[in-house]
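Peer 1: turn this into a structure:
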Amino acid sequence: MPCHLPFPYPDELLYSVIARYLIHIGAKSAYYTGREIFGRATKAQVDIPSSLDVVSERTWPIWGMSGKEIVNRLTLFPYYARFMPSERVEECLKAILHYNGRGVHFRLGVSSQRIKVPRFLRFCKTCRKSDLSKYGETYWRRSHQLAGVLVCPEHGDLLIDTQVPLRPRGFSSYVDATLGSGDSVSMGEGGVCETDFTNELKIAKRCQEILLGHMGRWYIENTSVAYRQAAIERGFVEGATSLSQPKLESAFVSFYGEHLLSRLGCTVRLAGKSNWIRDIFRAYPRTYHPVEHALVQVFLEGFALDPSKRRSFGFGPWKCPNPYSNHKKRFPIANPKIYIGRNGSLVASAKCSCGFNFTFLRTSDTDPHLPIVNRTFGLGPTWETEAEHLKKEGLPIEAIARKMGIDRETLRNLLNRKSATYHVSGEQIDEWRREWTKLRERVPNRSRALARKAKEVLYQKLRRNDREWLFAQAKSRTSKPPCKGRVDWTSRDDEWSRLLKAAAQKIKGAVPLRRLTPSSISVEAGLKSTTLANLDRLLKCRLALAECSESLEDYQERRLQAAAMKIREMDMPMNSWRLRRLASLEGKRLSARLSSVLQKLVTDSGN
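Peer 2: Numbers count the residues shown, from 1 in each chain. Next up, the predicted model:
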């Protein structure tokens, strides 16, 4: 059934569109209108609504937008999903397109413990005035409701809090922006210094760019590597190329100030063992809030590049630029030596296992993992093999040199097997292999380290000429007896099951009444975090919790029994209304079982 919702304004929330629609049609309740739009009864969602494929189907004649387009244009999903792993984004997108979106807020980090979402919907005074003159009404903008945004990205005005909650609880909690923005609560903190205001505006604009996907150079998969490289290029280093974390963190706190970081929920403890700014530069396997990304990006862009620290070849790993070698590993060059060249720029010196020895200053424009060779110091056996192959095909020396991109003198050295300093015959390498194998048989546990100490010269020969074979052999590890379990789960199961049963009896006799649940029983026994996490090992505890726990209906029946006993003790006439009130069940619809219990208690008191 088509829904004739008004066409969305720029940067408008779907929640705002529905709220305007309800005002336009003069609806008394949004419950049935919401069912027509979403295909089911659903609570009002401001930031990330669900069932959007149904919304697309029912608004297609007017909007012509697919479910994904509605997600990207009318919700806050793109903001929170921008830096998330692609697999998680796809799962969350599927949940809000086809299902009820349960768990999406948690998986996207919207419910962050550090960075809180705004409590109320917000608006910009200048935007509202412009909307009223242009459209005759105003609307809720997406960019004004982003966590971390304190000012309007367009005008720089402090955002004004309304009395409309960002997390509505009811099915009909749609509030039109024209009406909801009439009574403002506050206009933020006054007396903001010029530096804080400038940073707040930059952060707001960057958060808006993250929402829209306009992030420029930061739109890459591994942001931590990009942040680390950008920090080094801006001089936050110790030595030649190592990132200085203390220098970086101190500059970060000075750049924003502790007051602004505290308001955003991104406080940095310089003296602590760990903090989020340290972790985001270390490429830890975790995700970070979009506000944290915005803070790092604005901070790095606030410092000029240091030409002497510019690392134009990235942080690797890299491919081998040898055109005549096929490697099993896609990126065989991982740890080149970095030094400062004569002109002050950084130079990487690498020696691949194929024998190709070279330096590079940058990588390819089309492939950031492919080094552009600056100088070569050894071409390796693969070049010799290729030169011999071309010579056997009958090509003249000049043609071979031109095809391989080398001069004639280098080609002659290749053909005379003088290009590789460490080149030896295959028979010699086989002999070294046999000697190394016998040596490892003699040392304890076939240890490579002990074999190297016994004959360092042989190890270095193989390392230079047969590196792949040498390191392809698995390291021998000293066999250790299996560790005995530190926990006797059998005795613990017996002890804890007794504690759980005793705690259940204590809760059952407590006043006021408390419901017997696995969580409440474990808490009473002092075993919450350990018991529930190890129930697969604690059979008796699991059975004890199953026996002692009660359903909601059992708990309500126990409340009725307690209320009846109290009425008898007070020698008062018993009726259904008084029983339900004392049992705190007044106004609730009772099941058939509870209704029969209630009727029996009243009847027994009459007899």
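
Peer 1: so where is the stretch 251-400 of the chain shaky, pLDDT-wise?
Peer 2: In the predicted model, the stretch 251-400 of the chain carries pLDDT under 70 at residues 283, 285, 307-311, 315, 340-345.

Peer 1: tell me the secondary structure at the closest residue to K337 other than its chain neighbours.
Peer 2: Nearest-residue entry for K337: S349, 4.5 Å, with adjacent residues in sequence omitted and distances by C-beta to C-beta, 6 or more residues apart in numbering. Backbone N, C-alpha and C define where each C-beta goes, glycine included. Three-state call for S349 (DSSP: H, G, I helix; E, B strand; the rest coil): strand.

Peer 1: ok, then the element right after the lowest-mean-pLDDT helix or strand in the chain?
Peer 2: Least confident helix or strand of the chain, by mean pLDDT, DSSP states H and E, is helix 528-531 with a mean of 62. Per DSSP states H and E, the first helix or strand lying C-terminal to helix 528-531 is helix 539-548.

Peer 1: return the alpha-carbon coordinates of that next one using PDB.
Peer 2: Output in PDB follows, covering the C-alpha atoms of helix 539-548 (Å, rounded to 0.1, in the frame of the first residue of the first chain):
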ATOM      1  CA  LEU A 539      26.600 -29.400  35.800                       C
ATOM      2  CA  LYS A 540      25.300 -29.400  39.400                       C
ATOM      3  CA  CYS A 541      25.200 -25.600  39.400                       C
ATOM      4  CA  ARG A 542      23.300 -25.600  36.200                       C
ATOM      5  CA  LEU A 543      20.700 -28.000  37.600                       C
ATOM      6  CA  ALA A 544      20.500 -26.000  40.900                       C
ATOM      7  CA  LEU A 545      19.800 -22.800  39.000                       C
ATOM      8  CA  ALA A 546      17.200 -24.600  36.800                       C
ATOM      9  CA  GLU A 547      15.400 -26.000  39.900                       C
ATOM     10  CA  CYS A 548      15.500 -22.900  42.000                       C
END
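
Peer 1: mind listing residues that contact the strand or helix carrying A19?
Peer 2: A19 is located in helix 14-25, with elements delineated by DSSP H and E. Residues from elsewhere that reach helix 14-25, judged by C-beta atoms under 8 Å, 6 or more residues apart in numbering: 4-6, 8-9, 30, 33-34, 37, 44-46, 49, 52, 55, 70, 74-75, 137, 139-141, 174-179.

Peer 1: would you write a ChimeraX line that selects the buried entries of those residues?
Peer 2: Listed next is the ChimeraX selection for buried residues among the contacts of helix 14-25, using 16 or more other C-beta atoms under 10 Å:
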select :5,6,8,9,30,33,34,37,44,45,46,49,52,55,70,74,75,137,139,140,141,174,175,176,177,178
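
Peer 1: of the contacts of helix 14-25, which belong to helices?
Peer 2: Judged by DSSP state H, these include T33, G34, I37, L52, V55, I70, L74, A177, T178, L179 as members of helices.

Peer 1: quick check, R412 in a strand?
Peer 2: No: counting by three-state DSSP, R412 is located in no strand; its state is helix.

Peer 1: how about the nearest residue to it, chain neighbours excluded?
Peer 2: Excluding the flanking residues, the one nearest R412 by C-beta to C-beta, 6+ apart is I397, at 7.8 Å.

Peer 1: burial check on that neighbour, number of neighbours?
Peer 2: Residues near I397, counting by other C-beta atoms under 10 Å, number 14.

Peer 1: contacts only, for it.
Peer 2: By C-beta under 8 Å, 6+ apart, the residues touching I397 are R408, L411, R412.

Peer 1: which one of those residues is nearest I372?
Peer 2: Nearest to I372 among the contacts of I397: L411, at 22.2 Å, using C-beta to C-beta.

Peer 1: now do the contacts for the closest residue to the closest one other than its chain neighbours.
Peer 2: Nearest-residue entry for L411: A401, 4.6 Å, with adjacent residues in sequence omitted and distances by C-beta to C-beta, 6+ apart. By C-beta under 8 Å, 6+ apart, A401 lies in contact with D407, R408, T410, L411.

Peer 1: report the buried members of those residues.
Peer 2: Using 16+ other C-beta under 10 Å as the burial test, these include T410, L411 as buried.

Peer 1: closest one to L243 out of the contacts of A401, please.
Peer 2: T410 (38.8 Å).

Peer 1: any chance of a markdown table for the ones in helices among the contacts of helix 14-25, columns pLDDT?
Peer 2: A markdown table is the format used below for those (pLDDT from 0 to 100):
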| residue | pLDDT |
| --- | --- |
| T33 | 86 |
| G34 | 85 |
| I37 | 88 |
| L52 | 91 |
| V55 | 92 |
| I70 | 94 |
| L74 | 95 |
| A177 | 92 |
| T178 | 92 |
| L179 | 90 |
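
Peer 1: right, I'll call it a day here.
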